[in-house]
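*Asks:* let me see the structure of the following:
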Amino acid sequence: MQADGGLRPHFSGKTEEDMKILSISAQKPSSTGSGIYLTELVRAFSELGMEQLVVAGVYPGEETIFPEDVRFFPVFFKTELLPFPICGMSDEMPYESTRYRDMTEQMVEQFSAAFRSVLFDLVEREKPDLILCHHLYLLTAFVREWFPGQRIYGFCHNTDLRQMEKHGLRREWIRRNIASLDRVFAPQEFQLREVQRIYAIPGEKLRILGVGYNRQIFRLPEEKTESSMEKRGGMARREGERRGKRLLYAGKIAEKKGVMSLLRALRLLDPALFPAVSLALFLAGSAGNQEEYRKIRELSEELPFPAVFLGLLGQEELAKQYQKADVFVLPSFFDAIPLTLVEALACGAKAVVSELPGIRRFFSENTRGANIRYVPLPGMRHADEANPEELPAFEKRLAEAVTGALLDPSDSVPDLRQLSWEGIAEKILAD
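*Replies:* Okay, here's the model as predicted:
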């Protein structure tokens with residue numbers, strides 16, 4: 001069989017119930033956008049009736065939430081075999097982590113040995129029809145090398161592109177193995193072009209996949225449904241004005257997510273339009289860099305209105321916060337298609353977001369009626385760091401967009417029917 005994937009067995013002709021899928025991630029299948037992506041795809045495949053196996057990096061004693069019919073095989077970090085914290089695709093993770101740029105060759109060998117000890121036996125015993133690897137990086141490259149006869153698909157989550165650009169850990173070896181995957185999925189057109197540039201993957205192997213959301217959890221509150229608004233007229237809007245306005249941020253509490261810029265921008269709001277008693281900011285998420293988190297908390301104390309740090313929330317609690325929010329704000333400096341933005345829109349919030357590459361086109365093509373204001377990014381360096389001299393102008397633009405969204409009397413009732421995990425699961429199997 002060829003190492004380039006040309007003659008690997010395909011699963012065409014099998015019914016969905018006959019298929020066995022192995023999903024792999026080097027990090028937790030939760031807590032981050034890519035972890036939620038994996039978890040939701042597993043749920044969608046389960047609803048299609050497929051047998052599934054999952055391998056992921058976790059800490060001893062942690063619980064993972066998968067459908068009952070899914071078998072989970074953990075690789076434990078901070079153990080004798082793998083003595084360091086989980087390797088994080090972002091340099092600041094929402095839990096204790098190791099930066100790939102800090103890994104020594106000994107650590108890479110320990111990482112390889114730990115995952116190999118689980119995967120070799122599992123693949124030999126279970127013989128999956130399809131292996132899905134999340135992140136086009138170190139572990140996916142190992143999996144491609146270990147199992148040349150298996151059909152293996154890779155998923156770009158954007159942070160993998162950043163790792164390839166920012167340091168040289170086994171870069172050429174990773175590039176060669178990623179290029180020999182059978183299929184590579186990117187969230188949207190911009191990332192697709194970047195994948196092709198960085199890994200030199202032939203165009204026929206590349207697919208745009210998009211993102212989905214869990215419509216059972218993330219949905220409009222009753223007072224924002226069309227039938228409710230028709231019955232109540234403008235009553236809901238008047239009630240909202242009486243209770244004050246709520247801004248919501250959800251994501252890592254980190255500078256590269258734009259949180260410091262958000263706090264500085266909110267100090268620029270006109271107090272005549274937004275008296276302190278009429279506004280509050282809520283931030284949902286956890287922090288990896290504690291010194292950075294301390295600075296963010298200090299900045300929040302300078303706001304003329306409350307800033308409430310909610311911590312890391314489960315999906316159902318997060319949905320309640322989206323439903324209460326008037327405006328969701330995500331001023332991130334580096335992202336693909338943020339799941340939090342899709343979820344917030346599904347819950348009826350207006351949105352203010354940094355104009356990440358390709359994001360405006362994605363939402364114009366995949367949604368209708370979404371109330372989104374896009375804020376042009378500052379100049380960037382090192383992929384995810386804003387040029388400091390351009391931040392004041394960015395923060396002024398951000399403040400203006402937030403003002404416009406808060407004063408906008410219209411409701412946000414978007415049509416997101418094209419964005420479903422079930423649809424994405426079916427796209428993965430389509431070819």
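*Asks:* all contacts plus neighbour counts: C-alpha atoms, from now on.
*Replies:* Noted.
*Asks:* quick one: neighbours of the nearest residue to residue 137 once chain neighbours are set aside, just the number.
*Replies:* Once flanking residues are discounted, residue 137 sits nearest to residue 160: 5.9 Å by CA to CA, 6 or more residues apart in numbering. Counted by other CA atoms under 10 Å, the residues lying close to residue 160 total 18.
*Asks:* buried residues in the lengthiest helix in the chain?
*Replies:* As assigned by DSSP state H, the longest helix anywhere in the chain is helix 105-126. Within helix 105-126, the residues that qualify as buried are 108, 110-112, 114-116, 119, 122-123, counting by 16 or more other CA atoms under 10 Å.
*Asks:* all strands for the stretch 251-400 of the chain, in order.
*Replies:* When assigned using DSSP state E, counting those that start in this stretch, the strands of the stretch 251-400 of the chain occupy the ranges 279-284, 307-311, 327-330, 350-354, 372-375, 380-381, 385-386.
*Asks:* pLDDT on stretch 85-94, on average?
*Replies:* Stretch 85-94 shows a mean pLDDT of 91.
*Asks:* where in the chain is pLDDT low?
*Replies:* Along the chain, segments meeting pLDDT under 70 span 1-17, 223-243.
*Asks:* let me see the domain layout of it.
*Replies:* Per the record, the chain has its domains at 16-213+420-430, 222-407, by automatic domain parsing.
*Asks:* on that earlier part again, could you dump the buried residues of helix 105-126 to CSV with distance to residue 91?
*Replies:* Below are the buried residues of helix 105-126 laid out as CSV (distance: CA to CA, whole Å):
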residue, distance to residue 91
108, 17
110, 20
111, 18
112, 20
114, 22
115, 21
116, 24
119, 26
122, 30
123, 31
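*Asks:* quick check, nearest of these to residue 383?
*Replies:* Lowest distance from residue 383 to the buried residues of helix 105-126 (CA to CA) belongs to residue 108, with 24.3 Å.
*Asks:* who's in contact with that closest one?
*Replies:* Listed by CA atoms under 8 Å, 6 or more residues apart in numbering, the contact set of residue 108 is empty.
*Asks:* I'd like to know how far it sits from residue 19.
*Replies:* As for residue 108, its distance to residue 19 is 32 Å (criterion: CA to CA, to the nearest Å).
*Asks:* what does residue 137 give?
*Replies:* Distance from residue 137 to residue 19, by CA to CA: 26 Å.
*Asks:* the more surrounded of the two?
*Replies:* residue 137 (26 against 16).
*Asks:* ok, that one touching residue 172?
*Replies:* No - with contact defined as CA atoms under 8 Å, residue 137 does not count as touching residue 172 (11.1 Å).
*Asks:* okay, helices next: where are they in the stretch 1-150 of the chain?
*Replies:* In the stretch 1-150 of the chain, the segments counted as helices under DSSP state H, counting those that start in this stretch are 33-47, 105-126, 138-146.
*Asks:* quick one: name whatever helix or strand follows the shortest one.
*Replies:* By that I understand helix 138-146. strand 152-155 (DSSP states H and E).
*Asks:* residues in contact with that following strand?
*Replies:* 130-136, 140, 144, 178, 181-186.
*Asks:* now do the strands in the stretch 51-200 of the chain.
*Replies:* All strands of the stretch 51-200 of the chain, identified by DSSP E, counting those that start in this stretch, fall at 51-58, 70-76, 87-88, 98-99, 130-134, 152-155, 183-186.
*Asks:* which of these sits closest to residue 416?
*Replies:* In terms of CA to CA, the element of the strands of the stretch 51-200 of the chain nearest to residue 416 is strand 183-186, at 19.4 Å.
*Asks:* packing partners of the closest one?
*Replies:* strand 152-155, helix 189-199, strand 206-208 (3 or more CA pairs under 8 Å, 6 or more residues apart in numbering; DSSP states H and E).
*Asks:* how about 7 Å then?
*Replies:* Counting contacts by 3 or more CA pairs under 7 Å, 6 or more residues apart in numbering; DSSP states H and E, strand 183-186 is packed against strand 152-155, strand 206-208.
*Asks:* restrict it to CA atoms and write it as CSV.
*Replies:* Output of strand 183-186 as CSV, limited to C-alpha atoms (Å, rounded to 0.1, in the frame of the first residue of the first chain):
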residue,chain,number,x,y,z
ARG,A,183,-8.2,13.9,3.9
VAL,A,184,-7.8,17.2,5.7
PHE,A,185,-10.6,19.4,6.9
ALA,A,186,-10.5,23.1,7.6
